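> Here is my input, please return the structure:
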Amino acid sequence: MTRARTLLLIAGALLLLAAVGVGFLGYNASAASDRIPKGVTIAGVDVGGKSPAEARVLLKRRVGKPAQRSVKVEVDGRTVELKASDARVGISFDGAIRRALAHGEQGNFLQRGWRELTGGRVEGNEKIIVAVNRRAVAAFVDRITRSVEKPAVDASLAIAVDSVSVTESQDGARLKDPAKLQKQIVRALHQPRGERSFRAQTIVVPPAKTTDQVWEATPTVVTVSKSSTTVRVFVRGELTTSYGVAVGSAEYPTPEGQFVVQSMQVDPPWNVPQSEWAGDLAGQTIPGGAPNNPLVARWIGFNGSVGFHGTADIGSLGSAASHGCVRMDPADVIDLYERVDIGTPVLVAA
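As a prediction, the model looks like this:
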């Protein structure tokens with residue numbers, strides 16, 4: 001082969017290689033600019049080989065549509081719903097598509113051209129950004145919290161002159177861990193194809209005072225009926241005994257209201273009040289058991305200087321005759337003394 005022929009063949013080969021290279025470059029540049037490389041996914045959806053417009057249509061169907069599902073929360077046997085639109089759920093696919101296209105720029109132009117010509121793949125997954133209005137989610141959880149919340153009701157003592165009872169305590173309820181539920185919902189809204197159904201738990205809120213606790217704290221109650229001149233003793237709501245008594249006169253009425261036993265004495269002395277009706281005894285202290293001491297046997301005070309005491313004037317029982325105290329038969333006041341304690345409730349009513 002002549003030297004001229006050899007040079008001609010070499011030149012032809014170089015021209016062919018240049019043409020192929022230019023073809024690779026042109027093909028690669030064109031393909032990289034309008035097609036996402038095979039093997040690339042967005043949010044787990046295979047968009048390889050698709051144009052941006054085709055990828056956008058696919059992503060709206062496979063990701064955008066599921067993202068618009070409502071969140072449903074089951075609580076107390078009912079289901080409450082948060083629409084995605086109310087949570088301001090929004091997705092932009094453009095950024096992810098641009099990043100997916102950029103995978104086609106990997107390698108030099110010959111590698112890119114060869115990959116496109118041979119159907120080679122570029123492995124990669126692009127995430128999408130989902131916008132969620134956290135305030136809207138917080139407001140939704142707050143509505144659930146308020147709908148579930150029920151304050152506990154304490155048991156309480158209900159005293160009437162002829163009956164004593166305890167109103168029943170009631171358990172309350174509240175939502176268990178609202179902050180956790182809020183985080184779960186936000187996380188679910190950020191995952192377009194994830195789970196959107198939840199079950200919220202409620203917690204029983206016990207009362208501070210139960211029925212049994214009230215009875216244990218206040219087993220005995222004493223009532224005074226001024227109109228029937230009767231003292232009644234109730235134990236855990238049951239009438240256990242009653243006494244005929246004398247109450248205050250019209251001029252010195254026994255005060256009405258709910259009181260408690262404040263003081264208790266055996267054979268109490270009488271501190272005579274500074275009052276006209278006391279005469280010469282006003283301001284004196286008469287020893288317990290003295291003949292001129294009207295406080296016989298026992299003293300059970302419930303409103304300062306007003307209380308239960310025995311009396312030698314048995315004939316006054318059944319009437320309004322005292323200077324405000326509740327007079328009793330000595331035997332009865334001794335019996336009452338054994339039934340009460342400091343703090344025992346005393347109701348005086350008309």
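
> What ranges does this structure have for its helices?
Taking DSSP state H, the helices of the chain run over residues 3-34, 52-59, 65-67, 94-102, 109-118, 134-148, 178-189, 211-217, 330-339.

> looking at those, which one has the lowest mean pLDDT?
If the helices of the chain are sorted by mean pLDDT, helix 3-34 sits at the bottom with a mean of 49.

> where does the stretch 151-300 of the chain have low pLDDT?
By pLDDT under 70, the stretch 151-300 of the chain has no low-scoring segment.

> Please enumerate the strands of it.
156-160, 163-167, 172-175, 197-199, 202-205, 220-225, 230-235, 238-244, 247-248, 257-260, 263-266, 270-271, 285-286, 296-303 (DSSP state E, counting those that start in this stretch).

> Pairing partners for the longest one, with directions?
What that stands for is strand 296-303. strand 263-266 (antiparallel), strand 306-310 (antiparallel) (DSSP bridges).

> do the first one as well
Sheet pairing of strand 156-160 (DSSP bridges) gives strand 163-167 (antiparallel).

> Can you check which of the strands paired with strand 296-303 gets nearest to Thr230?
strand 306-310 (12.8 Å; CB to CB). Yep, even glycine has a C-beta here, placed from its N, CA and C like the rest.

> ok, and what's touching that closest one?
Outside strand 306-310, the residues within contact range by CB atoms under 8 Å, 6 or more residues apart in numbering are 231, 245, 254-255, 262-263, 268, 294-302, 324-330, 332-334, 336.

> Now that we have the residues you listed, which of them are buried?
231, 245, 254, 262, 268, 294-302, 324-329, 332-333, 336 (16 or more other CB atoms under 10 Å).

> residues near Glu251, how many?
9 (other CB atoms under 10 Å).

> For Gly288, see how far away it is.
Using CB to CB, to the nearest Å, Glu251 is found at 27 Å from Gly288.

> repeat for Arg339
Where Gly288 is concerned, Arg339 sits at a distance of 21 Å (CB to CB).

> what's the answer for Glu105, then?
For Glu105 relative to Gly288 (CB to CB), the value is 110 Å.

> Tell me which of these two has more neighbours.
Gly288 (17 against 14).

> could you measure the residue lying closest to the more buried one once chain neighbours are set aside against Thr311, distance?
Of all residues not flanking Gly288 in the chain, Asp267 sits nearest, at 3.5 Å (CB to CB, 6 or more residues apart in numbering). Asp267 is 14 Å from Thr311, where distance means CB to CB.

> who has more neighbours, the two?
Set Asp267 next to Thr311 and count neighbours by other CB under 10 Å: Thr311 wins out with 23 against 15.

> Quick check, the more buried one in contact with Met328.
Yes. Thr311 lies in contact with Met328 (CB atoms under 8 Å); the separation is 6.8 Å.

> quick one: common contacting residues for these two?
Joint contacts of Thr311 and Met328 (CB under 8 Å, 6+ apart) are Ala246, Leu317.

> one step back: list the contacts of the residue nearest to Gly288.
Gly288, Gly289, Ala297, Arg298 are the contacts of Asp267 under CB under 8 Å, 6+ apart.

> Go again with 10 Å.
Pro287, Gly288, Gly289, Ala290, Asn293, Leu295, Val296, Ala297, Arg298, Trp299, Gly310 (CB atoms under 10 Å, 6 or more residues apart in numbering).

> can you list the residues you listed in CSV and add distance to Lys60?
Output for the contacts of Asp267, formatted as CSV (distance: CB to CB, whole Å):
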residue, distance to Lys60
Pro287, 102
Gly288, 98
Gly289, 102
Ala290, 104
Asn293, 100
Leu295, 95
Val296, 98
Ala297, 95
Arg298, 91
Trp299, 90
Gly310, 95
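
> what's the nearest residue to Ile97 if we skip its chain neighbours?
For Ile97, the spatially nearest residue (CB to CB, 6+ apart) is Pro52, at 4.9 Å.

> how deep is the one you found tucked in, by neighbour count?
Around Pro52 there are 17 residues (other CB under 10 Å).

> correct me, but it touches Asp34?
Yes. Pro52 is within contact range of Asp34, at 7.6 Å (criterion: CB atoms under 10 Å).

> Between those two, which contacts overlap?
By CB under 10 Å, 6+ apart, the residues touching both Pro52 and Asp34 are Leu101.

> any idea how far Ser169 is from Gly95?
59 Å.

> More neighbours: those two, which one.
Ser169 (20 against 12).
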